[in-house]
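A.B. asks: build me a model:
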Amino acid sequence: MVKKVGVLIIGGGPAGLVSAITAKRYYPDKDVVVMKNVVNGCIPCGIPYMFWSLKNPDDNKLGLDALKKNNIEVIIDEAVKMDRSAKKITAKSGEEYEYEKLVLAPGSMPIKPSIAGIEKEGIYPVYKDMNYLKAIITKLKKAKNVLILGGGFIGVEFADEISKINDINVYLAEVLPRLLANSFDDEFSLLVEERLKSGGVTLLTSTKVVEFLGDDKIKGVRFDNGKELRIDSVILGIGSVPNTTLATEAGLDLGRGKGIWVDEYMRTADPDIFAVGDCAGKRDFYTRRDTPVMLASTATAEARIAGANLYRLKVVRENKGTIAIYSTYVDGLVLGSAGLTETSAKKEGFEIVSGNTESIDKHPGSLPGANKVRVKLIFSRQSGILMGGQVVGGISAGEIINIIGMAIQQRVSVTELETLQMATHPYLTSAPTMYPVVLAAQNASDKM
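C.D. replies: Presented below is the predicted three-dimensional model:
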């Protein structure tokens with residue numbers, strides 16, 4: 001028997017959940033069904049913190065209360081086949097679902113590099129499955145020597161967390177010369193490296209793993225320089241690839257990258273099928289090239305667009321592209337990045353000028369909990385338009401980068417940032433005379 005559904009959403013992560021809730025809000029007369037392939041999902045960004053910061057890993061569970069509250073049905077099953085002509089999905093259980101509108105939000109799959117011995121026991125890709133992750137946590141806390149593969153956000157956050165577990169030696173291997181190289185310039189990467197080293201993490205930059213050693217279980221690694229290291233657990237933190245199997249088997253187009261091609265309303269080549277989140281292609285805000293941005297914040301923004309426009313284009317959108325906006329927390333140090341770095345802007349051929357400043361995030365700076373904040377802004381030299389920004393400091397840095405992200409999205413000029421009107425308070429912000437975004441803009445303006 002085929003079950004008829006108004007809106008069927010494949011995937012129960014942040015993109016799937018927000019798509020469902022938004023669809024129900026805009027089309028309350030339609031039945032909305034979410035199909036997810038794991039019983040207990042988790043909040044993606046919180047996964048590293050399940051290993052130490054969260055004393056109970058279950059606290060990172062991605063709950064379904066919001067779906068139930070909105071009368072959205074949840075099915076635990078896996079979509080294995082799509083028949084576009086019949087507008088039908090076949091699940092692993094054999095059940096079939098006929099849809100009016102379909103939203104693909106299956107997320108991404110962790111990269112498993114082609115390294116000899118990659119299948120050995122004790123080598124863990126990062127899947128977004130609560131039960132799987134809890135099993136890894138139990139095993140890893142018994143380890144003595146742990147290698148984190150990858151010096152991006154995932155690898156850095158895992159290294160920071162696991163280094164806090166007693167009696168574990170943590171190594172972080174990255175093929176590039178520095179950490180977080182795709183999102184920060186050298187002076188910001190250096191601060192992360194110093195913080196990890198002070199926490200006991202051994203950094204192996206410009207280092208490539210060529211073989212995992214051992215019989216059935218991992219016992220060590222061999223690097224491209226010939227050196228070997230004794231290891232009993234490995235976490236693969238080198239990123240993910242879009243999960244597009246269902247889409248490609250049904251003949252949907254991919255973009256020039258690896259994600260499903262979508263227009264500005266998240267519609268695929270099939271007008272009744274939308275794709276959101278990690279599985280959907282992204283185009284850079286400035287160059288329009290495909291960009292591998294996989295963030296829950298980006299996914300939920302896309303989900304709101306798709307959910308609103310399933311049956312009619314209710315939310316008109318100017319397609320400005322994807323701004324890569326990241327933030328991370330490393331042993332009390334908060335870093336954020338939005339848009340282009342100085343390195344990436346120059347690589348693309350943009351003529352730029354940068355503005356830099358340091359200030360204190362409270363006033364006076366002697367107030368309890370005050371932190372130094374460093375801000376770097378990247379502007380187009382001729383137009384004065386903001387193209388990117390980086391910030392490092394205390395907790396306030398997490399919201400300062402969002403201000404910078406909004407300014408990039410609205411193509412704010414250096415003059416507008418110099419005259420930014422802001423609310424300030426001694427305990428909450430820098431002094432109005434020393435507000436870091438304004439000072440960094442003034443510094444850039446002087447160079448122009």
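A.B. asks: OK, contacts around the residue most central in space within the chain?
C.D. replies: Residue closest to the average C-alpha location in the chain (Cα atoms, centre = their mean): L295, at 2.8 Å. Counting by Cβ atoms under 8 Å, 6 or more residues apart in numbering, L295 touches A324, I325, Y326. The way it works is simple: take the backbone N, C-alpha and C, and place the C-beta from them, glycine included.
A.B. asks: can you tell me which of these are in strands?
C.D. replies: Within the contacts of L295, residues falling in strands by DSSP state E are I325, Y326.
A.B. asks: picking up where we left off before, what's the spacing between the residue nearest to the centre of the chain and E96?
C.D. replies: Distance, L295 to E96, by Cβ to Cβ, to the nearest Å: 33 Å.
A.B. asks: show me where the stretch 251-400 of the chain has its helices.
C.D. replies: For the stretch 251-400 of the chain, applying DSSP state H, counting those that start in this stretch gives helices covering 296-308, 342-348, 397-409.
A.B. asks: remind me what the first one packs against, helices and strands.
C.D. replies: For helix 296-308, the contact count by 3 or more Cβ pairs under 8 Å, 6 or more residues apart in numbering; DSSP states H and E identifies helix 14-26, strand 96-104 as packing neighbours.
A.B. asks: quick one: residues in contact with the last one.
C.D. replies: It stands for strand 96-104. Strand 96-104 is contacted from outside by 1-11, 16, 19, 23, 30, 33, 35, 82, 86-91, 246-247, 260, 268, 272-276, 279-280, 303, 306-307, 310-311, using Cβ under 8 Å, 6+ apart.
A.B. asks: for it, buried residues please.
C.D. replies: For strand 96-104, the buried set under the neighbour-count rule, 16 or more other Cβ atoms under 10 Å, comprises Y97, Y99, E100, K101, L102, V103, L104.
A.B. asks: next: the first one.
C.D. replies: With burial defined by 16+ other Cβ under 10 Å, the residues of helix 14-26 counted as buried are P14, A15, G16, L17, V18, S19, A20, I21, T22, A23, K24, Y26.
A.B. asks: quick one, phi/psi of the nearest residue to K36 once chain neighbours are set aside?
C.D. replies: In space, and not counting its chain neighbours, K36 is closest to G12: 2.8 Å by Cβ to Cβ, 6 or more residues apart in numbering. As for G12, its main-chain torsions (degrees, to the nearest 10) stand at phi -110, psi 20.
A.B. asks: OK, contacts around G12?
C.D. replies: Contacts of G12 (Cβ under 8 Å, 6+ apart): V34, M35, K36, N37, V38, G41, L62, L64, V74.
A.B. asks: now with 10 Å, please.
C.D. replies: 20, 34-39, 41, 62, 64, 67, 74-76, 105-107, 128 (Cβ atoms under 10 Å, 6 or more residues apart in numbering).
A.B. asks: could you do M1 as well?
C.D. replies: M1 makes contacts with E95, E96, as judged by Cβ under 10 Å, 6+ apart.
A.B. asks: for K314, see how far away I47 is.
C.D. replies: In terms of Cβ to Cβ, I47 sits 34 Å off from K314.
A.B. asks: ignore what I typed, I meant R288.
C.D. replies: According to Cβ to Cβ, R288 stands 25 Å off from K314.
A.B. asks: pipe the helices of the stretch 251-400 of the chain into JSON lines and attach distance to R230 and mean pLDDT per row.
C.D. replies: What follows is these, written out as JSON lines (distance: least, Cβ to Cβ, whole Å; pLDDT from 0 to 100):
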{"stretch": "helix 296-308", "distance to R230": "36", "mean pLDDT": "92"}
{"stretch": "helix 342-348", "distance to R230": "35", "mean pLDDT": "93"}
{"stretch": "helix 397-409", "distance to R230": "37", "mean pLDDT": "95"}
